[in-house]
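Colleague: Curious how this folds, go ahead:
(one chain, ligands or ions: 2)
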Amino acid sequence: MSKILHIKTFGCQMNERDSEIMGQLLARSGYVYSDAPEDADLILINTCSIRDKAEQKVYSLLGQLRDLKEKKNTLRIGVCGCVAQQEGVKIIERMPHVDLVVGTQQFYQLPALLARLEGGELHQAIELDLAGDFTIPSYREVMQDNLPHLAKSTLAPVQSFVTIMQGCNNFCSYCVVPYTRGREISRPFADILDEVHQLVAQGVREITLLGQNVNSYGKSNAVAPQSLAFPDLLRAVAKTPGLVRLRFTTSHPKDLTPTLMRCFAELEQLCPHFHLPVQSGSNKVLARMHRGYSAEEYLDKVAELRRIRPDIALATDFIVGFPGESEQDFADTMQLLHRVRFHSSFSFKYSDRPQARATNFTDKVSEEIKSERLARLQGLQNEISLEWNKSSLGKKVEVMVEHNTTPKTPGETPRGRGRSAANQVVHFLLQPGQTMPAPGKLIQVLINHAGPHSLRGTLLDSCNTPSSSIHG
Ligand code: 5AD
Ligand code: SF4
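Modeller: Ligands and ions are numbered 1, 2, ... in the order given. Reported below is the predicted structural model:
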């Protein structure tokens, strides 16, 4: 009889991809995925520790799961990812009902560790090694028989993430990643291409290449063939027959080269959407963050990107209230946002992280000031995002269909959802006589409503659209 697996994933896209792979690995040991934790024989929590209170969230969830375990003593509970790496044995000390603690480089050991638990060889399993010589197993080793996607992904089945590297060598002073994910390790070129080809053969149309700092792909460890860099990888992936859209994240501004920028003009599949975290507009703060660029250098790169690809949609990350951030430093950040007019941004209040250097900085900014600055920054970003989105009103936008919903009540207009190449979420309504396009299809939508976070419109052409209903 098959066993039931439930995975709860926190945090970044890298974690989402890792959870999918855990699901696929465990499918080979007979696990079937379920969305319901109460049905599960094994619950895995894939954790993130990038910002504040991550550890508390995990402990409180584990506290809630204690009741489930009391009702079903065969239930096994595992903690994986960055909080597992960071807290290690402390998790089991505080939460003795946890059976497994598995670090960021060790989740490939899950089937073997579970077998040892089942066989009674281990009572509780902890595997945290963050070795310098770690190699990421190839997709073929992990997948073998083209197993279906098992862990719940937030992506449509036509989209997939592909991890190209793990870890980070940058040591930004606020960041925990180099400590939880270890040093940078790039996957071999051939493994990545193989994974992309297999995914596209299974029906995936859009790939996002993932890494903490994709621009330094291939620099830290030799990737065969030698001397290949990230732009070479992008070019090779873009050639995959059947791949419609290609994206990547995350890039570090200091490593953004002219060659990579030119890819946005040269590669048809590469979407004109670029996430380039700036963090702050103040040179003093950027230096203390150990970011390796100035606001002026960042702005020059933005100008060059826009020269090369005028329709590029730029997104970024900001941290407000970094230690020592004065009102003037924050004004510099607001000024940078005014000048660049990012299409969207993620913004966070600075929080201390274990081992990160800024945790020891003494000139912390109060919570009250951080909240007030965050609200001002987000208010301005929302205005700018809305303006960008309004510039699509009355225009045709190409959308890749991600989800469609069948109307629950008769007479309700069928609707679907997708994304523009610039990464805007687009909701669309069908007109009478039109058939719902399948996920993965590229459609034209006439935009008639714009909000700060999404667009809405009507489907213009699909194979079955009567020509009379096509608007110009
Ligand atoms: N405090 C607040 N935000 C942080 N980030 C990373 N570390 C911290 C921290 N200690 C943000 C950065 C990064 C994003 C993934 O999370 O903006 O780009
Ligand atoms: Fe963290 Fe900086 Fe590395 Fe990004 S580049 S993962 S912020 S250390």
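Colleague: Wasn't Leu114 part of a strand?
Modeller: No: the assignment for Leu114, made by DSSP: H, G, I helix; E, B strand; the rest coil, is helix rather than a strand.
Colleague: so what's it up against?
Modeller: By Cβ atoms under 8 Å, 6 or more residues apart in numbering, Leu114 lies in contact with Leu26, Ser29, Leu42, Arg76, Leu100, Ala125. C-beta: built from backbone N, CA, C; applies to glycine.
Colleague: and what of Gly11?
Modeller: Asn46, Thr47, Cys48, Ile50, Ala54, Gly81, Cys82.
Colleague: thinking again about what came up before, which ones among the contacts of Leu114 are found in helices?
Modeller: Among the contacts of Leu114, the members found in helices (DSSP state H) are Leu26.
Colleague: So Leu374: helix, strand or coil?
Modeller: Of the three states, Leu374 takes helix under three-state DSSP.
Colleague: How about it, nearest residue that isn't a chain neighbour?
Modeller: Nearest non-adjacent residue to Leu374, counting by Cβ to Cβ, 6 or more residues apart in numbering: Val320, 5.1 Å away.
Colleague: rewinding a little: ok, the contacts of Gly11 vs Thr180, which is closest?
Modeller: Nearest to Thr180 among the contacts of Gly11, counting by Cβ to Cβ, is Cys82 at 3.9 Å.
Colleague: separation between the closest one and ligand 1?
Modeller: 11 Å (Cβ to the nearest ligand atom, to the nearest Å).
Colleague: That residue: how many residues sit nearby?
Modeller: Neighbour count for Cys82, taken as other Cβ atoms under 10 Å: 27.
Colleague: Would you confirm that it contacts Val176?
Modeller: Yes: the criterion here is Cβ atoms under 8 Å, and Cys82 meets it with Val176 at 7.0 Å.
Colleague: Pull up the overlap in contacts between these two.
Modeller: Ser49, Ile50.
Colleague: For the stretch 1-150 of the chain, which residue gets nearest to ligand 2?
Modeller: Ile50 (8.0 Å; Cβ to the nearest ligand atom).
Colleague: quick one, what contacts that residue?
Modeller: By Cβ under 8 Å, 6+ apart, the contact set of Ile50 is Gly11, Cys12, Cys82, Cys175, Val176, Val177, Arg353.
Colleague: What I need now is these written out in JSON lines, including distance to Gln424 for each item.
Modeller: Formatted as JSON lines, these follow (distance: Cβ to Cβ, whole Å):
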{"residue": "Gly11", "distance to Gln424": "23"}
{"residue": "Cys12", "distance to Gln424": "21"}
{"residue": "Cys82", "distance to Gln424": "30"}
{"residue": "Cys175", "distance to Gln424": "29"}
{"residue": "Val176", "distance to Gln424": "31"}
{"residue": "Val177", "distance to Gln424": "28"}
{"residue": "Arg353", "distance to Gln424": "32"}
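Colleague: Ranking by neighbours, what's the top pick from the residues you listed?
Modeller: Neighbour counts for these, by other Cβ under 10 Å, peak at Cys82, which reaches 27 neighbours.
Colleague: Cool, thanks, talk later.
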